[in-house]
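[1] Here is a sequence together with a model predicted from it:
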Amino acid sequence: MKISLTRLAQASSFGKNLVYRTAVKADSQKLLEFLFQYFAKDEPCNRALKMPFSVLEVMFSGTIDRCLQLPFSSIVTDSEDGDRVAACVLSSVWKRTDTNEDADYAFKNFPENAQLFVNLLNSMHSNFWDLAPPNVQAVLHREIVSVGTPYMRKGISSRLVAEQLNKTLIKIMLSKVLPKSQILFRVAQPKDKKKIFRFLDNHFAKEEPCARSLKLTPETSRGIFLTTTTRCLNFPFSTVVHQENGDIIGCLLASVWNRNDPIENADLDAAGVPNYFLNNSHANFWKVAPPHINSVIHREIGSVAPEFTRRGIATRMVYTNMTKSKLKKYNISGVISETSSLSNQIVLEKAGLRCLKEFPYSTIIDSSGEQILNLDDGTTSLLAQPKDKEKIIKFLDDHFAKEEPCARALKLSPEMTINSFTTTVDRCLNYPFSTVVVQENGNLAACLLASVWNRSDPVENADFNEAGVPENLKLFLKFLNNAHSNFWKIAPPGVHSVIHRELGSVAPEFTRRGIATKMVYTNMTKTNLKKYNIGGVISETTSLANQIVLEKAGFKCLKEIPFSAIVDSKGNQVLHLDDGTTALRLNYKGIEDFENLPE
């Protein structure tokens, strides 16, 4: 959060109404923004390394997710300043029986200097258990401590240490995580069949987004679960995850599929339910598979009980039981999986599995032409159409105008935004590149509005409507328009048309599910790209969250313009953002850099 000069003058009075409490999962986004605003900029190592957003986002998100699993992290908020975060300490529990990696900071594809630094951090604690007293079985690992600049020198760090050391709480919580409640991974065996069947009935059938949308019952799912479980237990690649008392908390069913097998050998039993869609999705796999591959592991059904999610169980099941000797025995050359939920798509993408084909749920229709599946996890991404206009404008009014950092700073109202939103929605719905993400009840969970901008078009064709709005909003829209005004002068000379991402928004209850990332490429079919002669995608990003999404998606920042450049007629800076963003970015990605786009 930026603090204006007048607020800085009052900084000495900060801290009189601080609230110390345990950090919970609902604080994740707030903590992430706080760490970007202060820890990323104030911590000396971060300053020296000039860590890019994408690197810090991986580290911060991984640490926050791990630490908020247990109640040993603290957050300090200022009740006099809208509950802004003043400080935090993020702590996890590290057990002697854990691997070193369980305490490590996450990194992947980091720049060399950043990777060397994270390696150094991880190596610092790598031999801790060799040095620890032998009677110590678990410790609190303080991973990140940060105090916002205006709240320094008030004893907050010292108090945060005491806040965590609640002896009763530690005794209760450590009793839950010490080895006696260890989670075990092993090969699923025929004797597990009934337990697996019951687990899938209790969890997969009720919790998997497609299953929820279809309102599966034990009667309708019995054929699928029975056929699949029986087939998969013939091979040693299925996994059950259980507690020491034998209760299953997760499972992955996987079979072996050979090139010369009948196609039905990989099919789900579709009796009574529309699972022919899943069967069709892998029907032509062998036509697109590399010719030297003759046998694959087919991941068929996976599920983790909700109280055990976000612990890395699904990720670990990706490779559990894939030993070299088994892979050699069955001549395995690859792994395939149809992923129908957003969370599984993200798990497999992070694990390095490549998308061969994408099938929109809009193609599954009943005899009356109605779409069957409308998922509530953000997986139902549809092409935005003119009939969606009013829903989109209402969604932007309800969410973008209230939640986007620039919009919050400008204190937008529906009266102020109606012209801009209407003009943008009308323009974007003329092209097939906008996306709406629909909940099961038909309400929007997210949207992305995108138009086509040609080199030969007047620059105004890409502009936001500035007419009839208050001075501050007009200055901001003019600032946005100026950001792309000379794009064609710096664009690659061979590019004559681009997709212009104009507005994007995800409702708060659906954030951190990968929806914004998925909307980067949804509806970018090769057919439409060719039809409109698209050579790239541009986007002006004004929030830190969107800047991180596009940086991770491979967009390059063409130019950056500080928000301090927006001043009113009295010379006052118009925008003071509360998410740590200090500048607008104009981003670009060439079409040739997008991989695996659908036909």
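    Nice, thanks for sending it over. Residues are numbered from 1 along each chain as shown.

[2] Please enumerate the helices of the stretch 151-300 of the chain.
    Using DSSP state H, counting those that start in this stretch, the helices of the stretch 151-300 of the chain run over residues 156-164, 167-177, 193-199, 205-207, 209-214, 218-232, 276-283, 285-288.

[3] Now for the protein, the helix or strand with the poorest mean pLDDT.
    None of the helices or strands of the chain scores lower by mean pLDDT, DSSP states H and E than helix 5-9, at a mean of 32.

[4] Mind telling me which of the helices of the stretch 151-300 of the chain the model trusts least?
    Among these, helix 167-177 carries the lowest mean pLDDT, at a mean of 48.

[5] quick check: domain ranges of the chain?
    5-180, 182-360, 381-593 (automatic domain parsing).

[6] Select, out of these, the one closest to residue 599.
    domain 381-593 (5.3 Å; CB to CB). From N, CA and C alone the C-beta is placed, and that goes for glycine too.

[7] Tell me how far the closest one lies from the chain's centre.
    Offset of domain 381-593 from its chain centre (CA atoms, centre = their mean, to the nearest Å): 19 Å.

[8] if you average pLDDT over it, what comes out?
    Per-residue scores along domain 381-593 average to 88.

[9] ok, now which ones touch the residue sitting nearest the centre point of the chain?
    Per CA atoms, centre = their mean, the C-alpha nearest to the average position across the chain is that of residue 514, at 3.0 Å. Contact partners of residue 514, counting by CB atoms under 8 Å, 6 or more residues apart in numbering, are 342-343, 345-346, 378.

[10] Of the residues you listed - the most surrounded one?
    Greatest neighbour count in the contacts of residue 514, by other CB atoms under 10 Å, goes to residue 378: 25 neighbours.

[11] Which strands or helices does the one helix or strand residue 516 maps to pack on?
    In the assignment (DSSP states H and E), residue 516 maps to helix 515-518. Helices and strands touching helix 515-518, as assessed by 3 or more CB pairs under 8 Å, 6 or more residues apart in numbering; DSSP states H and E, comprise helix 342-350, strand 444-454, strand 497-506, helix 544-552.

[12] Tell me which of these lies nearest to residue 60.
    helix 544-552 (10.0 Å).

[13] residues in contact with the closest one?
    Residues outside helix 544-552 that contact it (CB under 8 Å, 6+ apart): 33, 36, 52-54, 57, 405, 504, 511, 516-517, 520, 539, 541, 557, 579-581, 585, 587, 589.

[14] and the angle from that helix to strand 497-506?
    Counting by axes from the mean of the first three to the mean of the last three CA atoms, to 10 degrees, helix 544-552 lies at 140 degrees to strand 497-506.

[15] Which strands border the following helix or strand past helix 544-552, and is each parallel or antiparallel?
    Downstream of helix 544-552, the first helix or strand assigned by DSSP H and E is strand 556-562. If you go by DSSP bridges, strand 556-562 pairs up with strand 583-590 (antiparallel).

[16] Format the helices and strands packed on helix 515-518 as JSON lines; extra columns: distance to residue 293.
    Formatted as JSON lines, the helices and strands packed on helix 515-518 follow (distance: least, CB to CB, whole Å):
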{"stretch": "helix 342-350", "distance to residue 293": "18"}
{"stretch": "strand 444-454", "distance to residue 293": "36"}
{"stretch": "strand 497-506", "distance to residue 293": "35"}
{"stretch": "helix 544-552", "distance to residue 293": "30"}
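
[17] so which of those comes closest to residue 27?
    In terms of CB to CB, the element of the helices and strands packed on helix 515-518 nearest to residue 27 is helix 544-552, at 15.6 Å.

[18] for the host helix or strand of residue 315, the distance to its chain's centre please.
    Using DSSP H and E, residue 315 sits in helix 313-317. Distance of helix 313-317 from its chain centroid, counting by CA atoms, centre = their mean, is 17 Å.

[19] Now it: buried residues?
    313-314, 316-317 (16 or more other CB atoms under 10 Å).

[20] And the furthest pair within the residues you listed?
    The span of the buried residues of helix 313-317, defined through CB to CB, is set by 314 and 316 at 7.4 Å.

[21] re the thing from before, how about a markdown table for the domains of the chain, with distance to residue 599 added?
    Listed next are these as a markdown table, based on distance: least, CB to CB, whole Å:
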| stretch | distance to residue 599 |
| --- | --- |
| domain 5-180 | 28 |
| domain 182-360 | 9 |
| domain 381-593 | 5 |
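
[22] Out of those, flag the one nearest residue 367.
    Nearest to residue 367, of all the domains of the chain, is domain 182-360, at 11.1 Å by CB to CB.

[23] just how off-centre is that closest one within its chain?
    On CA atoms, centre = their mean, the centre of domain 182-360 falls 22 Å from the chain's centre.

[24] need the contact list for the closest residue to residue 225 other than its chain neighbours.
    Leaving aside its sequence neighbours, residue 225 sits nearest to residue 200 (CB to CB, 6 or more residues apart in numbering; 4.9 Å). Residues counted as contacts of residue 200 (CB under 8 Å, 6+ apart) are 221, 225, 229, 251, 301, 303.
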